[in-house]
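>>> This is the structure alone, sequence omitted:
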């Protein structure tokens, strides 16, 4: 691939890190949604969660998550540029995600994130987000975040 | 905020990483103490541990920790600049901290570090350090590091 | 030590990250082997696994690992330059390593990696690799990766 410029690489690492802080805030979903383009696709189907097409669907999903959870912890590392075409850049990373739901149920996952991102007027945003499992998923993931 | 310069950002990331190596060394407390200013405050009260005012108090706490523990592992990631005023910079990060005490008791925590740092003659040092819990703290944290 | 140049530091961080992606791929051992020099030494003896002298021995070990495992997850962080002599650079990092074997056995370790690396015609490669335990090793490490 064309080598991703260093400043793009840093911007994508910051975006993926900002995502973790935003998803762990658990109070205000707006900073999280602001990291996605309006037409973003978030494909969580590989871990048994929804494939969301557009920010409205992403909002609905995270509104539910934020309502259900008391604690979140998403540690991200292993950043690696995957593609760069001069406009869009894709980066992957590893995440250990942990959560505790209001009913006391807990979940820990080891997953792989891929975010394809573009620069908009004020900041970089993710237009395609995929989560892939790396270790077997625990049953509590579906119990906590599934359609229940 | 004023954007933190890249070299400050890297210095703070290195300082926070050095802290993890120093706290995991468990033999010599001096490299750990050298990362703090003489008047540093270390506020661990949010995880049920002491609020320490000044390097003497920090030394006493870590003397005890180093005497009690056989193993330490503090993995740090999710670095994010939080403030920069031209002299002092604050950075946050996520940490998975693990330890095993001499009595065989073990502890794992998922926490958020914040270090406010200033540049001194020879290196950057932390003048205010805070740990905040992200997942519920285990009972063994108090058993191992509490006033016992 | 002589300060490691920033571009060397970034190359070694990328090499260590590439190692994690390669060891977690579990399908093709070639991208993993390509990260080592022909005469590389991989010393895993401190965690009860082999000391391997040369790429042939490293290949044999990882052929076995890839045959045995269904899942791998190696999260790396706490990168720190350790030495730089103008040609060879050593970097350390922390790793949480997880695996699931075909028989369902699982293993999690918290370890310290050290890679001593040199630049060859096309890329940086590791010529000496050491793993050191940070937390007590689980019995399943020997069950899964030992001589059985």
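Okay, I see it. This structure is a prediction, so every number in the text was calculated from the model and none was measured. Residues are numbered from 1 along each chain as shown, chains lettered A, B, ... in the order given.

>>> Quick check: residues of chain A near chain C?
A:75, A:77-80, A:94, A:96, A:110, A:134-136 (CB under 8 Å from any CB of the partner chain). The C-beta positions use only the backbone N, C-alpha and C, and glycine is treated the same way.

>>> Could you pick out the buried ones from those?
Buried residues within these, counting neighbours by 16 or more other CB atoms under 10 Å in any protein chain shown: A:75, A:77-80, A:94, A:96, A:110, A:134-135.

>>> Which of those residues sits closest to residue A:123?
residue A:79 (18.0 Å; CB to CB).

>>> May I ask you to confirm that that closest one belongs to a helix?
No: in this structure, residue A:79 is strand, not part of a helix, as judged by DSSP: H, G, I helix; E, B strand; the rest coil.

>>> which secondary structure elements does the helix or strand containing residue A:76 contact?
Element membership for residue A:76, per DSSP states H and E: strand A:69-84. Strand A:69-84 sits against helix A:6-25, strand A:88-101, strand A:106-119, strand B:69-84, strand B:88-101, helix C:6-25, strand C:69-84, with contacts defined as 3 or more CB pairs under 8 Å, 6 or more residues apart in numbering or on different chains; DSSP states H and E.

>>> and these as a markdown table, adding mean pLDDT and distance to residue B:50?
Output for the helices and strands packed on strand A:69-84, formatted as a markdown table (pLDDT from 0 to 100; distance: least, CB to CB, whole Å):
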| stretch | mean pLDDT | distance to residue B:50 |
| --- | --- | --- |
| helix A:6-25 | 98 | 26 |
| strand A:88-101 | 98 | 26 |
| strand A:106-119 | 98 | 28 |
| strand B:69-84 | 98 | 16 |
| strand B:88-101 | 98 | 16 |
| helix C:6-25 | 98 | 35 |
| strand C:69-84 | 98 | 25 |
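
>>> Same list (the ones you listed) but as TSV, adding distance to residue C:32.
Shown next, in TSV, are the helices and strands packed on strand A:69-84 (distance: least, CB to CB, whole Å):
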stretch	distance to residue C:32
helix A:6-25	23
strand A:88-101	17
strand A:106-119	17
strand B:69-84	23
strand B:88-101	26
helix C:6-25	4
strand C:69-84	11
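
>>> looking at those, which is closest to residue A:44?
Comparing the helices and strands packed on strand A:69-84 by CB to CB, strand A:106-119 comes nearest, at 9.5 Å.

>>> interface residues of chain A facing chain B?
A:14, A:17-18, A:20-21, A:24, A:71-77, A:96, A:98, A:100.

>>> Please repeat the previous calculation with a cut-off of 6 Å.
A:17, A:20, A:71, A:73, A:75-77, A:98 (CB under 6 Å from any CB of the partner chain).

>>> got a winner among those for most neighbours?
residue A:77 (26 neighbours; other CB atoms under 10 Å in any protein chain shown).

>>> got the angle for the strand holding residue A:76 vs strand B:106-119?
Using axes from the mean of the first three to the mean of the last three CA atoms, to 10 degrees, one finds that strand A:69-84 and strand B:106-119 are set 60 degrees apart in direction.

>>> Show me the strands paired with strand A:69-84, marking each as parallel or antiparallel.
strand A:88-101 (antiparallel) (DSSP bridges).

>>> Quick one: work out the angle between the strand it pairs with and helix C:6-25.
Using the same axes, to 10 degrees, strand A:88-101 lies at 60 degrees relative to helix C:6-25.

>>> May I see the buried residues of strand A:88-101?
A:89-101.

>>> And for stretch A:106-121?
A:107-117.

>>> I'd assumed residue A:88 was in contact with residue A:118.
Yes: contact between residue A:118 and residue A:88 holds when scored by CB atoms under 6 Å: they sit 5.2 Å apart.

>>> List the contacts of stretch A:38-55.
A:33, A:36, A:58, A:61, A:126-133, A:137, A:142, A:145 (CB atoms under 6 Å, 6 or more residues apart in numbering or on different chains).

>>> er, stretch A:133-148 actually
A:47-49, A:101, A:105, A:107, A:110-112, C:71, C:73, C:98.

>>> so which pair among the residues you listed is furthest apart in space?
Taking CB to CB, no two of these sit farther apart than A:101 and C:71, at 24.9 Å.

>>> Any chance of TSV for the buried residues of stretch A:106-121, columns distance to residue A:65?
Shown next, in TSV, are those (distance: CB to CB, whole Å):
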residue	distance to residue A:65
A:107	11
A:108	16
A:109	13
A:110	19
A:111	15
A:112	19
A:113	16
A:114	20
A:115	18
A:116	22
A:117	22
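
>>> between these, which is nearest residue B:29?
The closest of the buried residues of stretch A:106-121, once distances to residue B:29 are taken by CB to CB, is residue A:108, at 32.5 Å.

>>> Report the beta-bridge partner residues of the residue lying closest to that closest one once chain neighbours are set aside.
In this structure, residue A:108 finds its nearest non-sequential neighbour in residue A:98, 4.8 Å apart by CB to CB, 6 or more residues apart in numbering or on different chains. Residues in a beta bridge with residue A:98, per DSSP bridges, are residue A:73, residue A:108.

>>> With residue A:116 instead?
Beta-bridge partners, per DSSP bridges, of residue A:116: residue A:90, residue A:128.

>>> Quick one: residues contacting it.
A:88, A:90, A:127-128.

>>> Need the max-distance pair from the residues you listed.
Among these, A:90 and A:127 lie farthest apart (CB to CB), at 10.0 Å.

>>> Surely residue A:15 and residue A:124 touch.
Yes: here residue A:15 reaches residue A:124: they are 5.1 Å apart, a contact under CB under 6 Å.

>>> In a helix, residue A:136, correct?
No: Residue A:136 sits outside any helix when classified using three-state DSSP, being coil.

>>> Counting neighbours, what do you get for residue A:22?
Quick note: residue A:22 (other CB under 10 Å) scores 19 neighbours.

>>> can you tell me which residues contact it?
Residue A:22 neighbours (CB under 6 Å, 6+ apart): A:31-32.

>>> same check, this time on residue A:28
So residue A:28 contacts nothing (CB under 6 Å, 6+ apart).
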